[in-house]
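Visitor: Need the 3D shape of this:
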Amino acid sequence: VISRRALLALLSCLPLAARAQTMTPVGTFDWRYLADTVMGGVSDGQARTDGGAVRLTGTVSTANNGGFIQVRTDLPDGVPDGATALRLRVRGNGERYFIHLRTRATRLPWQYYQAGFETSGDWQDVTLPLSDFRPSGGMLPRQITPARIRSLGLVAYGRDHEADVSLAALGWVT
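Guide: Residues are numbered from 1 along each chain as shown. Here you go, the predicted model:
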């Protein structure tokens with residue numbers, strides 16, 4: 001039997017990823033699909049809830065200045081104070097995908113903070129430190145401020161490919 005004090009001491013030695021808050025299933029979030037067609041692109045896809053996960057599928061095309069499909073949700077509860085990373089439970093078709101975070105500073109439709117992750121056919125947990133998110137342009141602050149995050153997008157982006165990625169849960173490392 002381990003004492004509470006010993007357990008807390010042990011937990012304080014674990015890496016940040018091990019101290020993530022409980023991950024929240026995403027099936028109850030209000031997701032909306034977006035594509036580059038809003039700007040004249042020709043990418044085509046769909047998003048649907050599949051077994052409690054949100055699944056994004058389609059064809060990403062860079063023709064006609066396009067190159068993305070995405071599914072986005074607002075984060076009505078915001079992000080916990082002291083958050084340092086985002087945790088995701090994902091699977092996909094072996095392609096690289098991205099998370100786009102929007103904040104109060106991302107006022108224009110093409111502004112976001114981006115970090116990428118690799119997928120496989122098996123469910124896996126991925127940790128994306130907030131320090132790894134890069135602004136989409138020079139008009140945004142270089143570092144993302146957790147308290148200012150207002151939405152999250154799961155994105156197939158930047159190159160011609162077939163997209164198939166699912167997100168089952170997310171959480172924040174504090």
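Visitor: Which elements pack onto the lengthiest strand in the chain?
Guide: Counting residues, the longest strand in the chain under DSSP state E turns out to be strand 161-173. The contact analysis (3 or more C-beta pairs under 8 Å, 6 or more residues apart in numbering; DSSP states H and E) places strand 161-173 against strand 24-25, strand 53-60, strand 85-92, strand 149-157. The way it works is simple: take the backbone N, C-alpha and C, and place the C-beta from them, glycine included.
Visitor: so how far is residue 155 from the spatially most central residue of the chain?
Guide: In the chain, the centroid-proximal residue (C-alpha atoms, centre = their mean) is residue 99; its distance is 3.2 Å. For residue 99, the distance to residue 155 equals 7 Å [C-beta to C-beta, to the nearest Å].
Visitor: joint contacts of the two?
Guide: residue 114 (C-beta atoms under 8 Å, 6 or more residues apart in numbering).
Visitor: now the strands for the protein?
Guide: Along the chain, counting by DSSP E, strands occupy 24-25, 31-35, 44-50, 53-60, 68-74, 85-92, 96-103, 113-118, 124-129, 134-135, 149-157, 161-173.
Visitor: Can you lay out these as CSV showing mean pLDDT and distance to residue 143?
Guide: Formatted as CSV, those follow (pLDDT from 0 to 100; distance: least, C-beta to C-beta, whole Å):
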stretch, mean pLDDT, distance to residue 143
strand 24-25, 94, 25
strand 31-35, 96, 25
strand 44-50, 95, 29
strand 53-60, 98, 27
strand 68-74, 98, 22
strand 85-92, 98, 14
strand 96-103, 97, 11
strand 113-118, 97, 9
strand 124-129, 98, 11
strand 134-135, 96, 9
strand 149-157, 97, 12
strand 161-173, 97, 16
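Visitor: And those strands: which comes nearest residue 141?
Guide: strand 134-135 (7.0 Å; C-beta to C-beta).
Visitor: Note down every partner strand of that closest one and its orientation.
Guide: If you go by DSSP bridges, strand 134-135 pairs up with strand 113-118 (antiparallel).
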